[in-house]
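In: no sequence for this one, just the structure:
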């Protein structure tokens, strides 16, 4: 029998999860069973640009740290160089942080965090608002961001002894994602 001209490719199952790929010089990353431990000083970004319509991940506060901006959780554009050695400013929540509710609006409320708190982040390209935060399963309405534009990555910043765990595996989420949101699906190259 002749060979099939268009034999389907057999591919490995998609089991790759988001990893942490960019970090400030003073950031320490440890891979744990439940996710990625982030400590030190600066910013860490997930390696996957959030392209799906409704993505969700969680951040567990292991140590809260001290000082302004010691623990911020949110999304960020792809940062480079010195921008990785500071704290997240826009589109993030945490103690002393404020969140812009849109490009032209005033800032929202700071969020008090404690050791053991779980912050859920729901980001949707097709939703308005398109960035929402939950704390221990409860939606933080005051921290909703109406419009976030451009390519965004999961992001955290730590300092002053803070340590967080980024959780991208849906099986390890402590709380159910909001609405139709689901774990971040890394994009796959077609080829």
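Out: Arrived safely. Quick caveat, the model's predicted, so the values are computed rather than measured.
In: can you point me to the longest strand in the chain?
Out: For the chain, the strand reaching the highest residue count under DSSP state E is reported as strand 35-46.
In: pairing partners for it, with directions?
Out: Strand 35-46 has the following strand partners under DSSP bridges: strand 20-23 (antiparallel), strand 26-32 (antiparallel), strand 153-158 (antiparallel), strand 163-167 (antiparallel).
In: which helices and strands sit right next to the helix or strand bottoming out on mean pLDDT in the chain?
Out: Every helix and strand in the chain was compared by mean pLDDT, DSSP states H and E; the lowest is strand 92-93, with a mean of 80. Applying 3 or more C-beta pairs under 8 Å, 6 or more residues apart in numbering; DSSP states H and E, we find strand 92-93 packed against strand 71-76. No exception for glycine: its C-beta is placed from N, CA and C like everyone else's.
In: neighbouring contacts of the strand it packs on?
Out: Outside of strand 71-76, the residues within contact range by C-beta atoms under 8 Å, 6 or more residues apart in numbering are 43, 45, 50, 59, 61, 64-65, 87-88, 90-95, 97, 99, 113, 119, 121, 123, 131, 133, 148, 152-159, 162, 164.
In: and the strands paired with strand 35-46, which is most packed in?
Out: Mean neighbour count (mean count of other C-beta atoms under 10 Å) peaks for strand 153-158 among these, with a mean of 28.
In: and the average pLDDT for it is what?
Out: Averaged over strand 153-158, pLDDT sits at 91.
In: got the angle for that strand vs strand 71-76?
Out: Orientation check (axes from the mean of the first three to the mean of the last three C-alpha atoms, to 10 degrees): strand 153-158 against strand 71-76 gives 160 degrees.
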